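*Asks:* Sequence and predicted structure below; questions after.
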Amino acid sequence: MKKSLLVRKLPLLGILFVLIIIIISGTTKEKLPSPGFGTLNFDTDPPIAKSMTVRQLKEPTEGGNIVFTATFDPAAIGSVKELTVFLNNPAGVSKTQVILHDDGQGEDVKAGDFIFSGLLQEDIAVFKASMGVAEAGLVKAAGTVVSFEGRSGAVSKKARLFDMVRFDNFEEVPIDRSIFDLPPGGGPGPCAPVIDRFKSLMITDISVTEDPVRTFNPCTGVGNPNGAWTFKTLMKNMANELSTGITVDSLTREWLDSWLQGTPRLTPGTINPQVNTQVLDSRVHPNAPVTTQATSVLHTIIKPWLRAASGNSGTVIDSLPSSANYWKRLWRRMVAKGVDVMSFAPFKTTAIVNRVDLRGNSGYGGGLNNAGEGRIVFSIIKDPKSDCGTAVSSLTQPFVGFTVIFEFGIPIFDCAALLSFQNRWRNLSDMAFGAPFNEALEKITNVFTDANANPLKPNGSALNQLRTNEIANSSLLAGGAPFWQLREFFLPPVGIFGGSMLANTTTKLEPMSKYNGAVLNPLNAANTLIDIATLANFVNANSAAIQANNYTVPDIVAGSGGGTVNFLAGRADVHSPSATSTNHHWNGRGTTGAATFITNDSARFVFSLNTCSGCHGGETKTVFTHIRFVGFGHNITPTSLSGGLRDLSSFLTGLGADAVGTDNDADPNGLFFVTDAAGRPVGSPTIRGFNDLLMREQSMRNLLCNGCGQTGTIFDIADIVTFKPTTKSH
């Protein structure tokens, strides 16, 4: 199971709390040995079949009429000899168990060959009809299929997907996984949903993000300060005062204060905060003038916020003593006088996102422990009293980027219920932007943003994590170069860090920057060959699991110099990315075969892409934000630009000039091609394609068309044994 807490020794009450959640949710999990370390959670890290076959029995038995086989990589399956698969039912009841085994018994031909076999009961007519629709879809697509391995995609040509003649002759026939990758109009079953990616997956249209009923502009006073999609409302629901006693103002102040802690801290004598022993710097440069980008959160967020809330011209607020305690006392005094400080929060709603691709595998354990995420993204604006416009949209201007992302787990625990929920998202594709659209969308987002949306989690909030991407508060490095930083926060269970308040936690799958072997000074200028070898050794030891996306990055690993070292980062740093410099990546440094070298090129890429900084940098040629920070009045569209950069990254959309030298952007299935950031293999580096919204669309269509047993048992089990949730690092 992936680790999300920054402390490893939990108080007894915290442990009991976690156990109670697991028991109440009724989720049973099978475990597989993980290559190199730990265990795997079938829900988030299921074994992925490399290939599948079906064979129709001439004489059906009581157990079924189809022999199904799935072949697994030994590294993914370990010593397991039996897998229990729970076939879904569209009505959400009467799940059927199928045992796939590799013990040489019954329909299994040979024990220990990693080919797992089982008997299915299938309606042959339904199967043939569904496969016929899939073949028709392939013809409609002119044989072109875009398939994704993890986040990177490739285009292939296929003549057909299934040999029905051999099937009718009772021969063993391979099933092509591409049946789940077909474009609209393809795919098995009578299902061809039109999915508008910018209405059902990534909603950025200004009619939504500046809806006066649900959002608020603190500069003009236009809108609803208590709207469903305001920063205030999300924080208020997260605080859940009626259940926790925590006010929205307290929750927000303590979160802001976490940015002021560290070295140097505005309040002397306090202890530097640490995550996995890594000190979080305060992102403060007290000698810098207010107008530069190297200022603290006190200048970039807190003072402008309080100035707007107080109606003060700026003189008094700007002359506040540099004391965290003082500004918090001022905030409390304003609240006591009836000022609604939270209504002036300098946050603009920027995007509402459906991450159905992050859902877990519902076929193991009989339940659905992870139904994906819903996300709401905010841009921090320059000054809620005087400047809510597009002043934050360019890297060349004094105040530059800061985005805040609320990432909520969908509190649904049944496949059929998730199917219904995702159909509501899909229905938005058929609607025009406007009041009815926004009303329907609000009913969807309330499912995961409301107070007590998930009573089993801390504060009753469905929040999985809150993440920030920012350069606005950068401390100056040598030479005056600022750098981007990503931080992650979570709500601890009661009894851990006091509970109820947002706490810093590790940035998942991202080691501390000192272990990075890529030459990216000055951020990791002080790293040593021992540090670099620690990273290389970890990747090399877990190469197969990393390539299969079946791995975690633990807090502590074996150090190349002996003993153990704290490894997982408390923050992700990227040095000075720009439109012409997006080279940040992770790489072992040295010669082939040396201790400091990551030996497998594919493992290096997957590991680097799954880090926050790699995905927001060189591996995808991105200037750190996949959704740009913008001010009020700016409409983010699939093709819009700000400050010479795309508001939605090419990684997301597939648009933009790429490494292949041809423009395929007119193709709705087009990919944005990027040359391997580390230049591997040397001399002929790999070129990979990205279009993450296409990948998410495929995942959504697969659920709507094939999930929950809608097209028969063969397609259901084929989906289960080949479905891998998207890595949830970004």
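*Replies:* That came through fine. All of these numbers come straight from a predicted model, not from anything done at the bench.

*Asks:* where does the protein have its least confident helix or strand?
*Replies:* Within the chain, no helix or strand scores below strand 31-33, which has a mean of 30 by mean pLDDT, DSSP states H and E.

*Asks:* which SS class is the residue in the chain sticking out farthest from the centre?
*Replies:* Distance from the C-alpha centroid of the chain peaks at residue 59, with 47.2 Å (CA atoms, centre = their mean). Secondary structure state of residue 59, per DSSP: H, G, I helix; E, B strand; the rest coil, is strand.

*Asks:* so the nearest residue to residue 405 once chain neighbours are set aside, which of the three states?
*Replies:* Nearest residue to residue 405 in three dimensions, chain neighbours excluded: residue 467, at 4.7 Å (CB to CB, 6 or more residues apart in numbering). Heads up, the C-betas are built off the backbone N, CA and C, glycines and all. Here residue 467 is recorded as strand under three-state DSSP.

*Asks:* Residue 467: neighbour count?
*Replies:* Counted with other CB atoms under 10 Å, the neighbours of residue 467 add up to 21.

*Asks:* State the pLDDT value of it.
*Replies:* pLDDT, residue 467: 96.

*Asks:* How about the contacts made by it?
*Replies:* Residue 467 makes contact with 404, 405, 407, 486, 487, 488, 489, according to CB atoms under 8 Å, 6 or more residues apart in numbering.

*Asks:* follow-up on the earlier one: could you report the separation of the residue farthest from the centre of the chain from residue 65?
*Replies:* 9 Å (CB to CB, to the nearest Å).

*Asks:* list the buried ones in stretch 644-661?
*Replies:* The neighbour-count check on stretch 644-661 (16 or more other CB atoms under 10 Å) flags 645-656, 658 as buried.

*Asks:* Endpoints of stretch 536-552, how far apart?
*Replies:* 15 Å (CA to CA, to the nearest Å).

*Asks:* With stretch 73-88 instead?
*Replies:* OK, stretch 73-88 end separation, CA to CA: 25 Å.

*Asks:* Look up how far residue 425 lies from the residue nearest to residue 405.
*Replies:* Distance from residue 467 to residue 425, by CB to CB: 22 Å.

*Asks:* now swap in residue 553 and tell me
*Replies:* For residue 553, the distance to residue 425 - CB to CB - is 31 Å.

*Asks:* neighbour count winner among the two?
*Replies:* Neighbour totals were compared for residue 553 and residue 425, and residue 553 leads with 24 against 21 (other CB under 10 Å).

*Asks:* isn't the more buried one right up against residue 510?
*Replies:* Yes - checked against CB atoms under 8 Å, the pair residue 553 and residue 510 is within contact range at 7.1 Å.

*Asks:* what touches both of these two?
*Replies:* Among the neighbours of residue 553, those also in contact with residue 510 (CB under 8 Å, 6+ apart) are residue 568.

*Asks:* what's the nearest residue to residue 203 if we skip its chain neighbours?
*Replies:* According to CB to CB, 6+ apart, the nearest residue to residue 203 is residue 352 (4.5 Å).

*Asks:* Sounds good, over and out.
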